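Asker: Got a predicted structure here, sequence first:
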Amino acid sequence: MASDYSLPVQAQTFVFATDLHNDPTVHTSPDHTFCLWDIGGGIPCGAYISVLDLSKHVRMHGVKGSGNLEIQCAWDGCTRAPMKRESVVRHLEEVHVKVKYLCSQCWAPFSRKYTLGSHILKAHSHAS
């Protein structure tokens, strides 16, 4: 396991492992994750967030501005080349958090909302 970090929060110190996804003592759910965005010095944010709030949360880390603004992913040592700001959340969902959008009719998993929508139109829309 990677070394642990202590973060002071409102006069209390919380210690958390840096290898949160591989620590069997950490309980996560498919709809929540720990934020591993580097807040400086290789220290991850560590906030436990809903994947539905991922976009809102990473704005606090500076992922905001013009859609054409180039941003480097700072999630857990990611080495991907800088990408457009509008692509960062999709990148986080697909590559790091591994969000899956399930079809409510056949339970097929998709990594993008758009492909789920296309699947529903093609596979489950019936012509009258």
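Answerer: Structure received.
Asker: wait, residue 54 sits on residue 88?
Answerer: No: if you go by CB atoms under 8 Å, residue 54 and residue 88 don't touch, sitting 9.7 Å apart. Using the backbone N, CA and C atoms, a C-beta is placed for each residue, glycine as well.
Asker: Among these two, which residue is more densely surrounded?
Answerer: More crowded of residue 54 and residue 88, by other CB atoms under 10 Å: residue 88, with 24 against 20.
Asker: Can you say which helix or strand has that one in it?
Answerer: For residue 88, the enclosing helix or strand under DSSP states H and E is helix 85-91.
Asker: Pull out the buried positions in that helix.
Answerer: Of all the residues in helix 85-91, those buried under the rule 16 or more other CB atoms under 10 Å are 85, 88, 89, 90, 91.
Asker: Report all helices and strands that it contacts.
Answerer: helix 54-59, strand 70-71 (3 or more CB pairs under 8 Å, 6 or more residues apart in numbering; DSSP states H and E).
Asker: by contact count, what packs against the last one?
Answerer: Spelled out, that is strand 70-71. Checking 3+ CB pairs under 8 Å, 6+ apart, strand 70-71 ends up next to strand 83-84, helix 85-91.
Asker: mind checking which of these is nearest residue 73?
Answerer: Residue 73 sits nearest to helix 85-91 of all the helices and strands packed on strand 70-71, at 6.1 Å, using CB to CB.
Asker: Parallel or antiparallel, list what pairs with the helix or strand following that closest one.
Answerer: Of the helices and strands lying after helix 85-91 in sequence (DSSP H and E), the nearest is strand 101-102. Strand pairing for strand 101-102, using DSSP bridges, gives strand 109-110 (antiparallel).
Asker: which residues make contact with the next helix or strand after the strand it pairs with from outside it?
Answerer: Sequence order places helix 113-119 as the next helix or strand after strand 109-110, per DSSP H and E. By CB atoms under 8 Å, 6 or more residues apart in numbering, the list of residues contacting helix 113-119 from outside reads 101, 102, 103, 108, 110.
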